[in-house]
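Sequence and predicted structure are below.
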Amino acid sequence: SACSSRYVRSQLHPMWQEPLEMPGGERQSPIDISLRKSVFDPNLKPFVTQYDPRTCQQIWNNGYSFLVEYDDTTDKSTLRGGPLEDKFRLCQFHFHWGENNTWGSEHTVDRHLYPAELHLVHWNADKYALFEEAIMEENGLAVIGVFLKVGKRHEGLQKLVDALPAVRHKDSVVEFTKFDPSCLLPESMNEYWTYAGSLTTPPLTEAVTWIIMKQAIEVSHEQLAVFRSLLFTSAEEEVQKSMVNNFRVQQPLKGRTVRSSFS
Ligand SMILES: COc1ccc(C[C@@]2(O)NC(=S)NC2=O)c(OC)c1
Ligand SMILES: [Zn+2]
């Protein structure tokens, strides 16, 4: 799909080091969400996702995470409402995780770390024709962030976990169809935080309206362990490196306000 463009391939490599600053970065991600500093906004509506599982296409190990990619050439899988003015198309989702259950998420809540974080990536199809355009614009992307915590096995996630060994190495791709990502959303959809931020890997463009769900989803320890069995490295490389700790260090708030949809 468009969002797995050649551009993304060229931009991503796991061991890029901080501080890879976006010049003049005023709205970088991820951040810590401070409960006492966030501001309840009663005008924030619930957001609406309409995902068609038939748009699910493949899983790709891009050497930094694994992406589940959707056909984003039509409006079959969309996100609207919440803090958003426009209609956004789902193009991919991916995760960030740690080497153990102590850390792994990119965002934190009052400094609380989760073992992993899901990002559902959408681009503004009302204003732009392609994902590649949208990533360069300040209202171009909307990403739903969902925290993962260790608990009972997540039945919906298991289909994805079972496919991961087929994409163990960087640049491997496997067909993956009929997956409805709404099974990865928490029950309470109307409690979230939202703020203006950025991509968390190069090109770090400040194009993202973040929607971070308050309620985490539960996954089992064994399911997270399969995430950690993936590799940053391709099959040809001699030294294999486990794909773990693929999260960015937190960035300064620089005066931004995090709004909450709940009081
Ligand atoms: C060229 O376009 C890109 C490049 C990287 C990413 C991945 C990421 O940086 N963005 C988020 S969100 N988490 C990440 O790791 C991307 O995702 C929308 C789009
Ligand atoms: Zn991400």
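Yep, that arrived. Numbering: from 1, shown residues only. Ligands and ions are numbered 1, 2, ... in the order given.

which SS state does residue 69 fall under?
strand (DSSP: H, G, I helix; E, B strand; the rest coil).

Show me what it bridges to in the sheet.
Residues in a beta bridge with residue 69, per DSSP bridges, are residue 58, residue 92.

Isn't it up against residue 55?
No. Using CB atoms under 8 Å, residue 69 is not in contact with residue 55; the gap is 9.4 Å. All C-beta spots, glycine's among them, are computed from the backbone N, C-alpha and C.

could you pull out the helices for the stretch 101-250 of the chain?
Assigned by DSSP state H, counting those that start in this stretch, the stretch 101-250 of the chain shows helices spanning 131-134, 155-163, 221-227.

Looking at those helices, which is nearest to residue 173?
helix 155-163 (11.0 Å; CB to CB).

So residue 117 versus residue 127, what's the distance?
From residue 117 over to residue 127 the distance is 27 Å, taken as CB to CB, to the nearest Å.

Please verify my assumption that residue 194 contacts residue 208.
No. Counting by CB under 8 Å, residue 194 stays clear of residue 208, with 10.5 Å between them.

Looking at the two, which has the bigger crowd around it?
More neighbours surround residue 208 than the other of residue 194 and residue 208, with 25 against 22 (other CB atoms under 10 Å).

closest one to ligand 1 among the helices of the stretch 101-250 of the chain?
Of all the helices of the stretch 101-250 of the chain, helix 131-134 sits nearest to ligand 1, with 7.3 Å by CB to the nearest ligand atom.

got the buried residues for stretch 245-260?
Neighbour-count burial for stretch 245-260, counted by 16 or more other CB atoms under 10 Å, picks out 246-248, 250-251, 253, 258-260.
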